[in-house]
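[1] no sequence for this one, just the structure:
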């Protein structure tokens, strides 16, 4: 028997059981060893009921004393009462009564995992649980007992925890040849145990120490192959032949010395990091990450001035016309000081407006072009494109970015994002890029005061907004817009605008902006708002990025519980951009436990990096990047939230390996090459091993 032998080679696995196991992804003996326990019972991890406190997340063992249905105002619930000899615990389910009832018998021993609450006694709602065998007692046996994920299909074929354990034990006792992935030198330098040891100890270990070593090794393997992808992708993006931008040039100093504020230390640091890259003939590929209001725009302006001073053109692409227009005004204000022409190109421009811009770009007389994805249209021909800057790059597809880069001869590339990304995610999802972080806010930024309120407080909130408008300031009111109910939400925003305009603020100019408006309509509203001709702007999340109105001091977010943490933080960043104290008021209407946590975090901190970390914990990496369905983060055992040290180990090994053996041709790397080509090569574009 070997790793690829079919599961049917095991005793007791006939054709019917083979099909059931195959349907769960277990086709070979190797697949069975990689069917990891979802939890382990160890005597050090078992909590007695008498030691519980409300809010604890616990693992316990208990015996079923009674069970049955119960009627409540919310309908029928199912409850099981268990005892562990130190106390009683009630397990409660609010649905699935018919499905649950046959699963229990009086006297059954259960392993239970969940969060403790207290309603006249300790209770766990919708717990995870497993029915245990008589010898499954880690306290008396001193064993670490694996608990496997059991689907309904496995259970219906009679495959329970005991049978699965025996199957795994048979494979391990067969002295199966488990090929090691890594050369000994890598294992020696990282202190990870062998794959053979890890696959044995993840299932059957003599203690929590052995189990931990096994888990660390198996996590390392998964992180390693994703980091290998990043290393290969980075190599594929490193093009020689870029124009080295060696000089600071005549314009950088002129603009930087004319600023009416001092650049922060963090801004100066990232400008140096960027220029160090630009000096090379290998194309820069860098991500500039900074919180809302940290000053990324002035960095991009100064870097653009530096590029123009080296006689190359610059293209700046933004995801929305509002943001592109905002950037154009910011760039023009500063570039005019050095007499550097710049132009704005967005969709639906008249031919008479486009023609001179296209001509100026082609003949080189317009060195800086700002726009939306309109920049990638075929009729836009650059004379000498040397630097591409993409703002909020996650909103563009890989092909859109590539099409813009193809308009130059290996131009340098700078991506910017106002969404702080936890470090562990940055080095994975953006692992092919160098990273610059602006982690310091300008000295004149006053933190926004954030408050969550009930709808009953709205009259006071409206009165406060009237007072702010009375002294010349402006406000924004945001309504959610989500795909499933786009029409009804848009209607709600339109109706709310009418009520606010006619009833709540009859003597104040109230404007409305939403995504269904034409570009001209949106531009007109934003222009009036920026001139303070509109005092209160009602909007959907179309203004999440790109609105810079220093005079706006109040942001009110309706149905705040429907927004994610990162989105709430982005919205809050639209106020507090001037010298006056600003406020973000979040109205909660239909709160759940997760939304309550999000809103509580928003009240406690303005730090985008803290918020990003909390958002990652709440949502997980797949949802954080909108990749839940992509398969990109489908780990069996690794965890991007908690595996920081292991991720850094894996990154170091992967990048050093590709530097030493770019195509994995060495004999010692053949197993790595084989696994990569089999399981990972199709995950990212333009990656191959020649």
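    Nice, thanks for sending it over. In this text, all values refer to a predicted model and were calculated from it rather than measured experimentally.
[2] looking at the sheet around residue 412, what are its partners?
    residue 387 (DSSP bridges).
[3] Neighbours of it, how many?
    28 (other C-beta atoms under 10 Å). C-beta: built from backbone N, CA, C; applies to glycine.
[4] Would you mind confirming that it makes contact with residue 385?
    No - contact status for residue 412 versus residue 385: not in contact, 9.8 Å apart, counting by C-beta atoms under 8 Å.
[5] And the helices in the stretch 351-500 of the chain, which stretches?
    Listed in chain order, the helices of the stretch 351-500 of the chain (DSSP state H, counting those that start in this stretch) span 351-363, 398-405, 423-429, 458-470, 486-499.
[6] any idea what sits nearest residue 128, other than its immediate chain neighbours?
    Distances taken as C-beta to C-beta, 6 or more residues apart in numbering put residue 113 closest to residue 128, at 4.4 Å, once the chain neighbours are dropped.
[7] what packs against the helix or strand harbouring the one you found?
    Element membership of residue 113, judged by DSSP states H and E, is strand 109-118. If you count contacts as 3 or more C-beta pairs under 8 Å, 6 or more residues apart in numbering; DSSP states H and E, strand 109-118 packs onto strand 39-41, strand 57-72, strand 122-125, strand 128-131.
[8] That strand: which residues count as buried?
    Going by neighbour count (16 or more other C-beta atoms under 10 Å), the buried part of strand 109-118 is 109, 110, 111, 112, 113, 114, 116, 117.
[9] Quick check: neighbours of that strand in the sheet, parallel or antiparallel?
    Partners of strand 109-118 in its sheet, by DSSP bridges: strand 57-72 (antiparallel), strand 122-125 (antiparallel), strand 128-131 (antiparallel).
[10] can you list contacts of the second one?
    This means strand 122-125. 49, 52, 58, 87-94, 112, 114-117 (C-beta atoms under 8 Å, 6 or more residues apart in numbering).
[11] Could you tell me which residues within stretch 86-97 count as buried?
    Neighbour-count burial for stretch 86-97 flags 87, 89, 90, 91, 92, 93, 97 (criterion: 16+ other C-beta under 10 Å).
[12] give me every residue that touches the last one.
    Right, the one you point to is residue 97. Listed by C-beta under 8 Å, 6+ apart, the contact set of residue 97 reads 69, 76, 77, 78.
[13] Looking at these, spot the one nearest residue 293.
    Using C-beta to C-beta, residue 77 comes nearest to residue 293 of the contacts of residue 97, at 48.4 Å.
[14] residues in contact with that closest one?
    Counted by C-beta under 8 Å, 6+ apart, residue 77 has contacts 69, 70, 71, 92, 93, 94, 97.
[15] and if we set it to 10 Å?
    Residue 77 is in contact with 68, 69, 70, 71, 92, 93, 94, 95, 97, 125, counting by C-beta atoms under 10 Å, 6 or more residues apart in numbering.
[16] part of a strand, is it?
    Yes - per DSSP: H, G, I helix; E, B strand; the rest coil, residue 77 lies within a strand segment.
[17] worst-scoring helix or strand of this protein, pLDDT-wise?
    When each helix and strand of the chain is scored by mean pLDDT, DSSP states H and E, helix 138-141 comes last, with a mean of 66.
[18] Overlap of the contact sets of residue 412 and residue 385?
    In contact with both residue 412 and residue 385: 243, 307, 312, 314, 405, using C-beta under 10 Å, 6+ apart.
[19] Mind putting those into TSV with pLDDT?
    Shown next, in TSV, are the shared contacts of residue 412 and residue 385 (pLDDT from 0 to 100):
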residue	pLDDT
243	90
307	96
312	96
314	97
405	89
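[20] is it true that residue 581 lies in a helix?
    No - under three-state DSSP, residue 581 sits outside any helix and is assigned coil.
[21] Let me know the pLDDT of it.
    Looking at residue 581, its pLDDT is 92.
[22] Please apply the same query to the one 10 residues further on.
    Reading off the confidence values, residue 591 has pLDDT 82.
[23] can you pull the contacts of it?
    Counting by C-beta under 10 Å, 6+ apart, residue 591 touches 452, 454, 560, 561, 598, 599.
[24] Neighbours of the fifth one, how many?
    Under the neighbour criterion other C-beta under 10 Å, residue 598 is assigned a count of 25.
[25] So which other helices or strands are in contact with the helix or strand residue 333 falls within?
    According to DSSP H and E, residue 333 maps onto helix 321-335. Judged by 3 or more C-beta pairs under 10 Å, 6 or more residues apart in numbering; DSSP states H and E, helix 321-335 is in contact with helix 249-258, helix 296-309, strand 313-317, strand 342-345, strand 368-371, strand 385-391, helix 519-530.
[26] try 6 Å this time
    helix 296-309, strand 342-345, strand 368-371 (3 or more C-beta pairs under 6 Å, 6 or more residues apart in numbering; DSSP states H and E).
[27] how about those, which one is nearest residue 209?
    Here helix 296-309 is closest among the helices and strands packed on helix 321-335 (C-beta to C-beta), at 46.0 Å.
[28] For the strand holding residue 113, give me every contacting residue.
    41, 52, 54, 56-63, 122-124, 127-130, 132 (C-beta atoms under 6 Å, 6 or more residues apart in numbering).
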